[in-house]
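Peer 1: Sequence and predicted structure are below.
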Amino acid sequence: MRGYAAAIDAGAEIIVKIDGDNQMDPTLLLSFVAPILSGDADYVKGNRFFDPEALSEMPFIRIFGNSCLSFLAKLSTGYWNLFDPTNGYTAIHATVAKLLPAKKISQRYFFETDILFRLNSIGAVAVDLPMTSSYANEVSNLRISKIIPEFLAKHARNTWKRLIYKYLIRDFSIATFELIGGICLVLFGIVYGLSRWHLSATSGLPATAGMVMLAALPTFVGIQFLLAFLNYDITSVPRRPLHPTLTSRLRSINSFANSNKI
């Protein structure tokens with residue numbers, strides 16, 4: 001984030017970040033910049049999983065770990081169209097980078113994923129760029145036993161923040177009813193079903209058909225509501241880049257200010 005701030009102060013238009021682990025090809029830089037220059041994206045990140053042939057060079061633990069993290073990241077960031085969330089090869093337009101709450105963004109291994117969460121909250125368009133990485137005999141500082149609990153907690157936090165901001169505070173749509181209704185119905189069905197099962201197990205009396213239906217029906221309906229909400233959420237990925245509009249407004253403001261000075 002200090003690098004972002006320094007680049008913005010220096011007047012950079014596009015900021016590119018390349019991890020210093022000697023696994024990323026610097027000659028790809030122009031490919032990362034191109035979608036932003038063309039106005040198709042606000043943020044571009046690498047995707048090491050696009051080419052199946054390239055996966056043969058990647059350690060299995062990385063493939064498995066990134067696959068799990070990618071699904072959690074889709075849910076917590078809202079970018080269902082992206083994969084490989086921890087990829088450190090990224091490019092961002094400076095006007096969009098200015099909107100990021102620098103002091104709130106997580107550091108270390110969750111940095112790139114938290115950036116995506118913040119970008120989705122402002123409606124920025126993020127895209128994947130296929131790439132390959134070079135793996136040698138580097139020793140990673142990442143400790144799975146420490147990272148998993150941290151990542152799970154932060155993904156859960158970002159998921160609830162995103163859902164509350166997007167579907168309760170900033171907007172209120174049919175998806176809001178599907179989300180709230182689905183959660184309530186599933187919880188009711190599970191809690192009621194477990195209570196009836198416990199009562200039946202302790203009393204020795206079989207549950208009636210009505211009890212079974214009263215537990216099963218809300219659960220099934222709630223799951224359908226949640227699936228409908230999930231479909232809505234997947235299709236609502238930001239698709240209109242922010243920086244062309246932001247840049248145009250900034251130029252208009254500067255032009256207005258300069259004309260008044262004259």
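Peer 2: Now that the structure is in, tell me what you want to look at.
Peer 1: Quick check: nearest residue in space to the residue most central in space within the chain, chain neighbours excluded?
Peer 2: Taking Cα atoms, centre = their mean, the centroid of the chain lies closest to Thr77, which sits 2.1 Å from it. The spatially closest residue to Thr77, leaving aside those adjacent along the chain, is Leu116, at 4.0 Å (Cβ to Cβ, 6 or more residues apart in numbering). C-betas here are computed from N, CA, C, even on glycine.
Peer 1: Pull up the gap between that neighbour and Ala207, please.
Peer 2: 46 Å (Cβ to Cβ, to the nearest Å).
Peer 1: So for those two, which sits in the more crowded spot?
Peer 2: With other Cβ atoms under 10 Å as the criterion, Leu116 and Ala207 differ in neighbour count, and Leu116 comes out ahead with 23 against 15.
Peer 1: Show the contacting residues for the more buried one.
Peer 2: Contacts of Leu116 were listed using Cβ atoms under 8 Å, 6 or more residues apart in numbering, and they are Tyr43, Lys45, Ala73, Thr77, Tyr79, Leu82, Pro85, Ala126.
Peer 1: low-confidence ranges in the stretch 1-150 of the chain?
Peer 2: Flagging of the stretch 1-150 of the chain using pLDDT under 70 yields the residue ranges 52-63, 65, 134-146.
Peer 1: a strand runs through Leu205, doesn't it?
Peer 2: No: under the criterion used here (DSSP: H, G, I helix; E, B strand; the rest coil), Leu205 is coil, not part of a strand.
Peer 1: Please point out which parts of stretch 5-24 sit buried.
Peer 2: Burial within stretch 5-24, assessed by neighbour count using 16 or more other Cβ atoms under 10 Å, is assigned to Ala7, Ile8, Ile14, Ile15, Val16, Lys17, Ile18, Gln23, Met24.
Peer 1: Which of these fall in helices?
Peer 2: Among those, DSSP state H puts Ala7, Ile8 in helices.
Peer 1: can you tell me which two in the buried residues of stretch 5-24 are farthest apart?
Peer 2: For the buried residues of stretch 5-24, the farthest-apart pair by Cβ to Cβ is Ile8 and Gln23; their separation is 26.7 Å.
Peer 1: how about the helices of this protein, start to end?
Peer 2: Taking DSSP H as the criterion, the chain carries its helices at 2-9, 29-37, 60-77, 94-97, 111-121, 144-164, 174-203, 209-235, 243-261.
Peer 1: Next, format the ones you listed as CSV and append distance to Thr132.
Peer 2: Supplementary listing: the helices of the chain in CSV, determined by distance: least, Cβ to Cβ, whole Å:
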stretch, distance to Thr132
helix 2-9, 24
helix 29-37, 12
helix 60-77, 13
helix 94-97, 26
helix 111-121, 18
helix 144-164, 24
helix 174-203, 38
helix 209-235, 28
helix 243-261, 28
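Peer 1: closest one to Pro130 among those helices?
Peer 2: Each of those was scored for nearness to Pro130 using Cβ to Cβ, and the closest is helix 29-37 (9.2 Å).
Peer 1: buried ones in the closest one?
Peer 2: Of the residues in helix 29-37, those with enough neighbours to count as buried (16+ other Cβ under 10 Å) are Ser31, Phe32, Val33, Pro35, Ile36.
Peer 1: Figure out how far that helix is from the centre of its chain.
Peer 2: Per Cα atoms, centre = their mean, to the nearest Å, the displacement of helix 29-37 from the mean C-alpha position of its chain is 21 Å.
Peer 1: same check, this time on stretch 170-183
Peer 2: Computed by Cα atoms, centre = their mean, the chain-centroid distance of stretch 170-183 equals 20 Å.
Peer 1: Averaged pLDDT, it. What do you get?
Peer 2: The average of the pLDDT scores along stretch 170-183 is 92.
Peer 1: what comes up buried for that stretch?
Peer 2: Within stretch 170-183, the residues scored as buried using 16+ other Cβ under 10 Å are Ala175, Thr176, Glu178, Leu179, Gly181, Gly182.
Peer 1: Please look at the second one and Ile169 and confirm they touch.
Peer 2: Right, Thr176. No: using Cβ atoms under 8 Å, Thr176 is not in contact with Ile169; the gap is 10.5 Å.
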